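Peer 1: Build me a model from this:
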Amino acid sequence: MSRNRIIYQSLGVFASQVEADAQQTGAGSIKQLTRVQSFDSSFERSLQDITQFGNLAAIDRLDTEAPTVSASLSYYLTDGGNENLLGLTVTKGTQPGVSCISGILNKTTDEKNIYLMVANEGNDASNYVGTTGVVGLGNAFITSYTLDVSVGEIPTATVELEALNARMYANASTSNEVPAVDPVNGQPVSNVYFALPQHQTNAYGTQPTALLPGDATIDITGIVGWAASDLKIQSASMSVALDRTPLNKLGSRFSFAREIDFPATATLDIEAEVGDLVDGDFADLLCDTGVYSLTLKLKKTACDGNGDNVMVATFKGAKLVSQDITTAIGDNATMSASFEVPIGGPQDTARGIFLSGTYQ
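Peer 2: Next up is the predicted model:
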């Protein structure tokens, strides 16, 4: 019987925790991502027309490079667990230690296989036993990470990825080969298999169900003319872009690596309703050599509002790059500001985005 539709009920997302071309059938080699809200994937080919005198239409269309597979994943923030599973560096505890892209830069967590589980129609993916389809992305790399917090919305993260391959499996079994390819020649990795663990509603027992905007606070410094202590923050968006360039060589139609374009910059944008004015002069910024650390703290939900921090994101070494004020009849006056910081290497503990979490 054919399937009428696929909805979120039947879906689950997993990420490999070993190298993309390594066996992924053992315990812990693939782990489930939680609180996933969306997953999108697409591919695009780069075809070049082969034309010649004597023919109006192209006599052929050939791939000049390997197709680009793109994906986007969003989920509710919890305790830093998803970030850790996707390859970002998240310090265990509540004190950020090293840059969130340290593992990506030193290649220890850069490359993943991503799996979208598809259970039979009408079944929850959680605790499901039966025929399961899989969409697999092989050799996936993070190209951006964005953390969004705003009044009235559950804090959310969005991760953009690029992959070297996508592969569909009608029935997941231990005889399915991983979706990874050899980046040198683009050939599928053979005799290396994967097996998805069972999807669970609460895969990690102590993980919060979700975090609330009322339990999120952000420490702001560097604002000109407005009392930071009297800003009513409405939203904050922290992002790091890791644009990648495929590296090619003669003799191969496929990129042998996808390296990050440097210099790279992280950004933090905030919007707030303003309160008290303080002395400030934009002309002073021309001689301002100071940098700022801005910290977003996400607390576990508690009735008294004093829950423990479960995830902390610190934006270190930031400089204010823009600030504006907006007023209108009927609306509260609002201020928006943007901060930027260059991304440093794994040994740079003074600049970048630093994450910590209480994940298992």
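Peer 1: Now do the contacts for N306.
Peer 2: Contacts for N306 (C-beta atoms under 8 Å, 6 or more residues apart in numbering) come out as K299. For the C-beta atoms, the positions are set from N, CA and C on the backbone; glycine is no exception.
Peer 1: isn't there a strand covering it?
Peer 2: No. Judged by DSSP: H, G, I helix; E, B strand; the rest coil, N306 forms no part of a strand; its state is coil.
Peer 1: ok, it to T206 distance?
Peer 2: Note on N306: its distance to T206, by C-beta to C-beta, to the nearest Å, is 18 Å.
Peer 1: Can you give the strand pairings for the helix or strand hosting G138, parallel or anti for each?
Peer 2: Using DSSP states H and E, G138 falls within strand 132-150. Take DSSP bridges as the rule and strand 132-150 pairs in its sheet with strand 112-119 (antiparallel), strand 156-169 (antiparallel), strand 232-241 (antiparallel).
Peer 1: chain center to it, what's the gap?
Peer 2: 6 Å (C-alpha atoms, centre = their mean, to the nearest Å).
Peer 1: buried ones in it?
Peer 2: 132-143, 145-150 (16 or more other C-beta atoms under 10 Å).
Peer 1: repeat for stretch 194-208
Peer 2: Buried residues in stretch 194-208 (16+ other C-beta under 10 Å): 194, 196, 199, 203, 207-208.
Peer 1: ditto for stretch 115-131
Peer 2: Within stretch 115-131, judged by 16+ other C-beta under 10 Å, the buried ones are 115-119, 125, 128.
Peer 1: Can you lay out the strands paired with strand 132-150 as CSV showing mean pLDDT?
Peer 2: Listed next are the strands paired with strand 132-150 as CSV, based on pLDDT from 0 to 100:
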stretch, mean pLDDT
strand 112-119, 96
strand 156-169, 95
strand 232-241, 94
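Peer 1: Now do the same contact list for F39.
Peer 2: 11, 13, 71-73, 116.
Peer 1: how much space is there between the residue nearest the centre of the chain and T143?
Peer 2: In the chain, the residue lying closest to the centroid (C-alpha atoms, centre = their mean) is V159, at 2.3 Å. Distance of V159 to T143, computed by C-beta to C-beta: 9 Å.
Peer 1: thinking again about what came up before, now distance to T217 too, for the strands paired with strand 132-150, in TSV please.
Peer 2: Below are those laid out as TSV (distance: least, C-beta to C-beta, whole Å):
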stretch	distance to T217
strand 112-119	32
strand 156-169	17
strand 232-241	8
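Peer 1: Of the ones you listed, give the one that comes closest to F262.
Peer 2: Nearest to F262, of all the strands paired with strand 132-150, is strand 232-241, at 11.3 Å by C-beta to C-beta.
Peer 1: The helix or strand just after that closest one: which residues count as buried?
Peer 2: Next in sequence after strand 232-241, counting helices and strands by DSSP H and E, comes strand 244-247. For strand 244-247, burial by neighbour count (16+ other C-beta under 10 Å) applies to P246.
Peer 1: Please apply the same query to stretch 280-297.
Peer 2: 291-297.
Peer 1: just curious, which of those residues is nearest to S46?
Peer 2: Closest to S46, out of all of these and judged by C-beta to C-beta, is L296, at 39.1 Å.
Peer 1: any idea of the pLDDT on that closest one?
Peer 2: You'll see L296 listed with a pLDDT of 93.
Peer 1: how close does it get to P213?
Peer 2: Taking C-beta to C-beta, one finds L296 at 11 Å from P213.
Peer 1: Need the residues touching each of those two.
Peer 2: V149.
Peer 1: And the buried residues of stretch 194-208, which two are furthest apart?
Peer 2: So, those by C-beta to C-beta: farthest apart are F194 and P208, at 29.1 Å.
Peer 1: excluding its backbone neighbours, what's nearest E121?
Peer 2: Of all residues not flanking E121 in the chain, R3 sits nearest, at 4.8 Å (C-beta to C-beta, 6 or more residues apart in numbering).
Peer 1: what's the span of stretch 124-137 from first residue to last?
Peer 2: Terminal residues of stretch 124-137 are spaced 22 Å apart (C-alpha to C-alpha, to the nearest Å).
Peer 1: er, stretch 39-58 actually
Peer 2: So stretch 39-58: terminal residues 37 Å apart, C-alpha to C-alpha.
Peer 1: can you tell me the average pLDDT over it?
Peer 2: On average, stretch 39-58 scores 92.
Peer 1: residues of it that come out buried?
Peer 2: Buried-residue list, stretch 39-58, by 16+ other C-beta under 10 Å: 39, 41.
Peer 1: cool, and stretch 24-38?
Peer 2: Of the residues in stretch 24-38, those buried (16+ other C-beta under 10 Å) are 24, 29-36.
Peer 1: Mind putting those residues into a markdown table with distance to I329 and secondary structure?
Peer 2: Below are these laid out as a markdown table (distance: C-beta to C-beta, whole Å; DSSP: H, G, I helix; E, B strand; the rest coil):
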| residue | distance to I329 | secondary structure |
| --- | --- | --- |
| Q24 | 60 | strand |
| S29 | 60 | coil |
| I30 | 56 | strand |
| K31 | 53 | strand |
| Q32 | 50 | strand |
| L33 | 46 | coil |
| T34 | 45 | coil |
| R35 | 40 | coil |
| V36 | 42 | strand |
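Peer 1: biggest separation within those, which pair?
Peer 2: Once C-beta to C-beta is applied, the buried residues of stretch 24-38 give Q24 and R35 as the farthest pair, at 22.7 Å.
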